[in-house]
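Q: curious how this folds, go ahead:
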Amino acid sequence: MKLSVWTYEGPPHVGAMRIATAMQGLHYILHAPQGDTYADLLFTMIERRDRRPPVTYTTFQARDLGKDTAELFQAAARDAVARFAPEAIIVGSSCTAELIQDDPGGLAEALQLDIPVVPLELPSYQKKENWGAAETFYQLVRRLTQGLVPKDRTGERAGRPPSCNLLGATALGFRHRDDLQEVRRLLDAIGISVNVVAPWQARPSDLRRLPEADFNVVLYPEIAAPVANFLKRSFQQPFTQVVPIGVKATEAFVRELAELAGLDAEDALAKAYAACASRMAWYSSSVDATYLTGKRVFVFGDGTHALAAARVATEEFGFELVGLGSYSRESARELREAAQGYGLQALISEDYLEVEQAISEAQPDMVLGTQMERHIAKRLGIACAVISAPVHVQDFPARYSPQMGFEGANVLFDTWVHPLMMGLEEHLLGMFREDFEFHEGAGASHLGGHGAGIAASSLSSGVAETASSLSSGVAETASSREEFTRSEPASPAPHVHTDSDSIELPSSGAAFVRGQERVNFSREGSLPEASNTSSASDIAQIHWTPDAEKELGKIPFFVRKKARKNTEAFAAMQGISAITKDTLYEAKAHYGR
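A: Have a look, this model is predicted:
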């Protein structure tokens, strides 16, 4: 273990809590000290649920360690069963309680309750949240299906539609609620009924009905793969391999469903398209979308979403993948195999600083990642879209916003493309900042030469009233602050390097207020990397003249940082200490060859 200000996954008991919260009629007895109840906030504040998770904490304190904490646990378990009347309970320890080595499973069995008790062994110092969720789901299914006999499905389907189970959706999952709805639309369209959805809103009694389905649909392998494999071994139920994220994957998913259900694949695909049409394929091949072709993208997230995003980005959007990684060590093998296919080395890491360094070195146009990658991209001035948990409250929208299926493909297009298109719009606004017609002193262009006068006269009365209510000193301060934040200096001060400028170099002037994103200004669509032959000390001696800084400000903000870096490397190679406008264009010609 190590101290960190950020973690991609919580301890495994948080994964167990995700399963308990997703289900109904299940209660979690968690042996935990006072203070470990913080996990409630993940569901009530971030996921915005209208009720607390079904968890009872023993909440022992330091003074209880000298007493019998086992009796404290048993009392909490008896009270919870009497109060909530669950169909089954799961029992376990938090990472802190694990150290005192009580046995929650044995203690709960000793109570001889009249409901199933499922003990959880979740090694908090070796495993993480997703593993904890998968293990909890597996133990529940294994315990509650004991004694059931595999069904003979030979000739059984006559007179009834094929059926399946939907496995893997949990609480606190990234768009799990909406993905379920979209996948059910596909299944309804092609004539496949749903037997059980689990763990999402399933009851313990529903888990006993899992073997009745003809096959299983695995939506999130990091959660559902152990259960799907268990059901295949124990009840001969096949399961799907394709995760339907993106148009091509959704088509392959429908064909796989048809094969498992004994239906005609082309007929099933036609029905699916008729019920859930996608506009993403047309948009991504339209003239407007050619602006996106070749954009460099870095992907990081859980295994399922990272693999899917890499495939969609390269095969359906025409992006260039410059980085692929995940914090899910359980998916490391699949990530490494996929990365080799893209000519990359997969980044498997739980260290957000290592991820930030990899993104900075890759210089992508956009980052597809988690909430942490959103922060990293903002720091580096790069466009970003969130594709995977962990996420914050804004990624649990009230609206319908799936990632799976044909409608999910539409959502992906909007989510991924808009940050890039808005970047172009900001560049155009900056480009015409000093234009005679569009500068801030000019009025609206559609009002012709009278725009400024009309705007001034319409505001005069309000300004007069405001001015009369303010002291001259406050008004002067507000005016100067507004001038500073809204206008660019006429003669920017020359930029002089310090040792701290080795990664991200600041620029003067308001045009640089928002952060920069890498873009290229060569014809081929990719700006070559600067040579590494110049030393850091050489670059540290370089400064920019005012005319060069002004000219640099005309370069699109999403390429400006790369242009600055390459120009300084070129100047160091040439032994130039003062970068002028001519030096800037000489560097452009040098790297554009």
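
Q: can you read off the pLDDT for residue 553?
A: Listed pLDDT for residue 553 reads 81.

Q: how far away is it from residue 592?
A: As judged by Cβ to Cβ, to the nearest Å, residue 553 and residue 592 stand 20 Å apart. For every residue, glycine as well, the C-beta is placed using N, CA and C.

Q: what about those two, which has more around it?
A: Per other Cβ atoms under 10 Å, whichever of residue 553 and residue 592 has more neighbours is residue 553, with 21 against 13.

Q: please report the distance of that one from residue 271.
A: Using Cβ to Cβ, residue 553 is found at 55 Å from residue 271.

Q: same question for residue 231.
A: Taken as Cβ to Cβ, the span from residue 231 to residue 271 is 27 Å.

Q: counting neighbours, go ahead and name the busier of these two.
A: Per other Cβ under 10 Å, whichever of residue 231 and residue 271 has more neighbours is residue 231, with 25 against 19.

Q: before we move on, which element is that one in?
A: Assigned by DSSP states H and E, residue 231 falls within helix 221-235.

Q: tell me the buried residues in that helix?
A: Of all the residues in helix 221-235, those buried under the rule 16 or more other Cβ atoms under 10 Å are 221-228, 230-231, 234-235.

Q: quick check: the farthest pair among the residues you listed?
A: Using Cβ to Cβ, the buried residues of helix 221-235 reach their maximum pairwise distance at 222 and 235, which is 22.1 Å.

Q: count the residues that sit near residue 174.
A: 21.

Q: give me phi/psi at it?
A: Dihedral pair for residue 174: phi -80, psi 100, per degrees, to the nearest 10.

Q: enumerate every residue touching it.
A: 302, 305, 386-389, 391, 395, 403 (Cβ atoms under 8 Å, 6 or more residues apart in numbering).

Q: do that again at 7 Å, thanks
A: Neighbour list for residue 174: 305, 388-389, 391, 395 [criterion: Cβ atoms under 7 Å, 6 or more residues apart in numbering].

Q: can you give me the helices for the stretch 1-150 of the chain?
A: Assigned by DSSP state H, counting those that start in this stretch, the helices in the stretch 1-150 of the chain fall at 12-22, 40-41, 69-84, 104-110, 129-144.

Q: hey, least reliable of the ones you listed by pLDDT?
A: Ranked by mean pLDDT, those end with helix 40-41 in last place, scoring a mean of 82.

Q: which residues are contacting stretch 258-274?
A: Residues outside stretch 258-274 that contact it (Cβ under 7 Å, 6+ apart) are 162, 186, 189-192, 214-215, 238, 240, 251, 254-255, 257.

Q: so which of the residues you listed is the closest to residue 315?
A: Closest to residue 315 out of those is residue 251 (11.9 Å), distances taken as Cβ to Cβ.

Q: next, the closest one: secondary structure please.
A: Here residue 251 is recorded as helix under DSSP: H, G, I helix; E, B strand; the rest coil.

Q: look at residue 13 and say how many residues are nearby.
A: Neighbour tally, residue 13, other Cβ under 10 Å: 28.

Q: residues contacting it?
A: If you count contacts by Cβ under 7 Å, 6+ apart, residue 13 has them with 30, 92, 94-95, 122, 124, 132.

Q: let's see 10 Å
A: Going by Cβ atoms under 10 Å, 6 or more residues apart in numbering, residue 13 touches 28, 30-32, 36, 39, 55, 92-98, 120, 122, 124, 129, 132, 136.

Q: which residue ranges of the stretch 301-450 of the chain form strands?
A: 320-326, 347-348, 366-369, 383-386 (DSSP state E, counting those that start in this stretch).

Q: would you turn those into CSV with distance to residue 181 and mean pLDDT?
A: Formatted as CSV, the strands of the stretch 301-450 of the chain follow (distance: least, Cβ to Cβ, whole Å; pLDDT from 0 to 100):
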stretch, distance to residue 181, mean pLDDT
strand 320-326, 26, 97
strand 347-348, 32, 96
strand 366-369, 23, 96
strand 383-386, 20, 93
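
Q: out of those, which gets nearest to residue 83?
A: Here strand 383-386 is closest among the strands of the stretch 301-450 of the chain (Cβ to Cβ), at 37.9 Å.

Q: tell me the strands beside that closest one, with direction?
A: With DSSP bridges as the test, strand 383-386 is paired with strand 366-369 (parallel).

Q: name the residues of the partner strand that are buried.
A: Applying 16+ other Cβ under 10 Å to strand 366-369 flags 366-369 as buried.

Q: residue 420: which of those is nearest?
A: Distance to residue 420 across these (Cβ to Cβ) is lowest for residue 366, with 6.1 Å.

Q: isn't the closest one up against residue 381?
A: No. Using Cβ atoms under 10 Å, residue 366 and residue 381 do not qualify as a contacting pair, with a distance of 11.6 Å.

Q: residues in contact with residue 196?
A: So residue 196 contacts 163-167, 202-203, 206-213, 216 (Cβ under 10 Å, 6+ apart).

Q: among the residues you listed, name the ones in strands.
A: Those of the contacts of residue 196 mapping onto strands are 163-167, 216, per DSSP state E.

Q: the residue lying closest to residue 81 once chain neighbours are set aside: how many residues sit nearby?
A: Distances taken as Cβ to Cβ, 6 or more residues apart in numbering place residue 113 nearest to residue 81, at 5.9 Å, with adjacent residues excluded. Neighbouring residues of residue 113 were enumerated by other Cβ under 10 Å; the total is 15.

Q: where does pLDDT dip in the stretch 151-300 of the chain?
A: For the stretch 151-300 of the chain, residues meeting the criterion pLDDT under 70 lie at 153-159, 284-291.

Q: can you do 80?
A: Scanning the stretch 151-300 of the chain with the threshold set as pLDDT under 80 gives 151-159, 277-293.

Q: show me the helices in it, by range?
A: 176-190, 204-207, 221-235, 247-261, 265-275, 280-284.

Q: contacting residues around the last one?
A: By that I understand helix 280-284. Helix 280-284 is contacted from outside by 246-248, 289-290, 292-293, 312, 316-318, 406-414, 416-417, using Cβ under 10 Å, 6+ apart.

Q: one more pass at 8 Å, please.
A: By Cβ under 8 Å, 6+ apart, helix 280-284 touches 247, 289, 292, 316-318, 406, 409-410, 412-413, 417.

Q: from those residues, which land in helices?
A: 247, 406, 409-410, 412-413, 417 (DSSP state H).

Q: can you lay out those as TSV showing distance to residue 24?
A: Formatted as TSV, the ones in helices among the contacts of helix 280-284 follow (distance: Cβ to Cβ, whole Å):
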residue	distance to residue 24
247	34
406	30
409	31
410	31
412	31
413	35
417	38
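
Q: out of these, which end up buried?
A: By 16+ other Cβ under 10 Å, the ones in helices among the contacts of helix 280-284 give 247, 406, 409-410, 412-413, 417 as buried.

Q: max pairwise distance over those residues: which two?
A: Greatest spatial distance among those (Cβ to Cβ): 406 and 417, at 16.8 Å.

Q: confirm for me that residue 356 is in contact with residue 374.
A: No. Contact criterion Cβ atoms under 8 Å: residue 356 and residue 374 do not qualify, at 11.9 Å.
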